[in-house]
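>>> Prediction below, plus the sequence it came from.
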Amino acid sequence: MAITATFNKPDIFTTDNPNVITMFGDESLNPNFYYRVETFKGATRVGVDKVFVSNFSVSTFDMSIYTRYLLMLDQSATFSVKITEVKAEVDYSTITVSKVLTKGYLNDYDSTRIKSMINFFLTDFKVNDFNKSFTNTFKYSFFAGIDFKLRVTEYDASGTVLTTNTSAIITANGFNLNQSQSFTSGVERIELQILSDTDILMDTLSYQNDGCSKGVIQWRNAMGAMEYMAVGHNIVDSNDINSFDYEGRSGRQSYLKTWRDGGNIYTQDLSDKEQLKVKSLLQSTSVQLYYTDEFDAIRVRDIIISTNKWELNQQFFEDTKAISIAFQFQEINKSLLL
């Protein structure tokens, strides 16, 4: 008696995609048979499921029902699945399979790309505008091989090197997701480089402080890495108002109004490459806006991008260098009138 279990995507695993395990066992054609599937994050069991035979003695289980939510705060973790054949409530053979999962969304095309990006930063945009007055810390990600190094160089406003530091890769031969790097006093540009063990330059990523911008958008790209864009200015007003009439317990008519605040973000002048960056923003499921509110306080809030791809293409078609992106804050405001 034996079980065979395989992952649908054996090389690259991310949380926002289905992570399906296909199972086949010697006992699967017997009556009163099912698989007991136990999902673990590290050593902690997070779920137990019964999976019955679905198609010609082959069964499937999608572990993303757990991993999608358990990695909301973690960037990556090892998950394992213990699969036991059960017939008439008697345990037979057991197998355990495991994978390291990465927070992010990858379609098949992106999975192919990331396999070819070993020793490269997980972004298509290697030169970035930032504004350290809103947040002095940015996050970067890369996939590195064994014996590779990371070099961080800080520059002042004149382009003079202030500091250079080279260190061993944090996680060799794997994902290094959303590592933090901060702008310190006097630093106006930070350059990151991945180097081989013989100091061959593999890839470069840079962030330039833009003190004239009026905000910063941060979002998670398809490979799980954070992207940034400095924006021109934003207009915040109330929109998307919904009203509901309903009858309370006492039979009294009540009136509920809900709405989301939002507005428009205006980008800086965009190059052709930066226009592609905006399209990456539209595809993201996790977007934050750093901005100054009406009391001149710096805030960061989750937002929902309202502009769709067609609207964006219309602006690009008109050869506009600076574009407008509509957004709403995720929080819903409520007002109840009795």
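Sure thing, it's come through.
>>> Quick check: which element contains L282?
Using DSSP states H and E, L282 sits in helix 272-283.
>>> Now that helix: buried residues?
Neighbour counts over helix 272-283 (16 or more other Cβ atoms under 10 Å) mark 274-275, 277-278, 280-282 as buried. C-betas here are computed from N, CA, C, even on glycine.
>>> Same question for stretch 189-199.
Going by neighbour count (16+ other Cβ under 10 Å), the buried part of stretch 189-199 is 189-195.
>>> wait, what's in contact with T4?
T4 makes contacts with 23-25, 95, as judged by Cβ atoms under 8 Å, 6 or more residues apart in numbering.
>>> Out of the residues you listed, which sit inside strands?
In strands, defined here by DSSP state E, the members of the contacts of T4 are 23-25, 95.
>>> N8 versus K41, what's the distance?
Counting by Cβ to Cβ, to the nearest Å, the separation of K41 from N8 is 20 Å.
>>> same question, T39
Going from T39 to N8 by Cβ to Cβ gives 16 Å.
>>> Spell out the residue ranges of the helices in the chain.
Along the chain, the stretches classed as helices by DSSP state H are 64-70, 108-115, 272-283, 309-317.
>>> which of the residues in the first one are buried?
The reference is to helix 64-70. 64, 66-68, 70.
>>> repeat for stretch 25-44
Neighbour-count burial for stretch 25-44 [16+ other Cβ under 10 Å]: 25, 27-28, 33-35, 37-41.
>>> what do you get for stretch 123-131?
So, applying 16+ other Cβ under 10 Å, buried residues of stretch 123-131: 123, 125, 128-131.
>>> Could you dump those residues into JSON lines with pLDDT and distance to N176 added?
Output for these, formatted as JSON lines (pLDDT from 0 to 100; distance: Cβ to Cβ, whole Å):
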{"residue": "T123", "pLDDT": "90", "distance to N176": "13"}
{"residue": "F125", "pLDDT": "92", "distance to N176": "18"}
{"residue": "N128", "pLDDT": "93", "distance to N176": "18"}
{"residue": "D129", "pLDDT": "91", "distance to N176": "23"}
{"residue": "F130", "pLDDT": "94", "distance to N176": "20"}
{"residue": "N131", "pLDDT": "95", "distance to N176": "25"}
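>>> for the residues you listed, which one is nearest A77?
T123 (22.4 Å; Cβ to Cβ).
>>> how close does that closest one sit to F143?
Distance from T123 to F143, by Cβ to Cβ: 11 Å.
>>> Closest one of the contacts of T4 to I332?
Among the contacts of T4, M23 lies closest to I332 (Cβ to Cβ), at 41.5 Å.
>>> Give me the domain ranges for the protein.
3-102, 108-337 (automatic domain parsing).
>>> From the chain's centroid, how far away is the first one?
Pointing back at domain 3-102 there. Distance of domain 3-102 from the chain centroid (Cα atoms, centre = their mean, to the nearest Å) equals 24 Å.
>>> same deal with the longest one?
A distance of 11 Å separates the C-alpha centroid of domain 108-337 from that of its chain, computed with Cα atoms, centre = their mean.
>>> Poorly predicted segments of the stretch 101-250 of the chain, please.
Along the stretch 101-250 of the chain, segments meeting pLDDT under 70 span 101-118, 170-174, 233-250.
>>> do that again at 50, thanks
Applying pLDDT under 50 to the stretch 101-250 of the chain picks out residues 109.
>>> quick revisit: could I get the buried residues of stretch 189-199 as TSV with distance to M226?
Formatted as TSV, the buried residues of stretch 189-199 follow (distance: Cβ to Cβ, whole Å):
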residue	distance to M226
R189	18
I190	14
E191	17
L192	13
Q193	18
I194	17
L195	22
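>>> Which member of those residues is positioned nearest S167?
Nearest member of the buried residues of stretch 189-199 to S167, counting by Cβ to Cβ, is L195, at 10.4 Å.
>>> Give the closest residue to the closest one in space, chain neighbours not counted.
The spatial neighbour of L195 that comes closest, neighbours along the chain excluded (Cβ to Cβ, 6 or more residues apart in numbering), is K149 at 4.5 Å.
>>> Could you report the neighbour count for the one you found?
The number of residues packed near K149 is 17, by other Cβ atoms under 10 Å.
>>> quick one: it and L122, what's the gap?
17 Å.
>>> Which parts of the stretch 151-300 of the chain are strands?
161-168, 174-182, 189-195, 201-209, 215-220, 226-247, 253-267, 287-292, 298-305 (DSSP state E, counting those that start in this stretch).
>>> Mind putting these into CSV with distance to K87?
Shown next, in CSV, are the strands of the stretch 151-300 of the chain (distance: least, Cβ to Cβ, whole Å):
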stretch, distance to K87
strand 161-168, 51
strand 174-182, 39
strand 189-195, 52
strand 201-209, 53
strand 215-220, 44
strand 226-247, 48
strand 253-267, 52
strand 287-292, 49
strand 298-305, 48
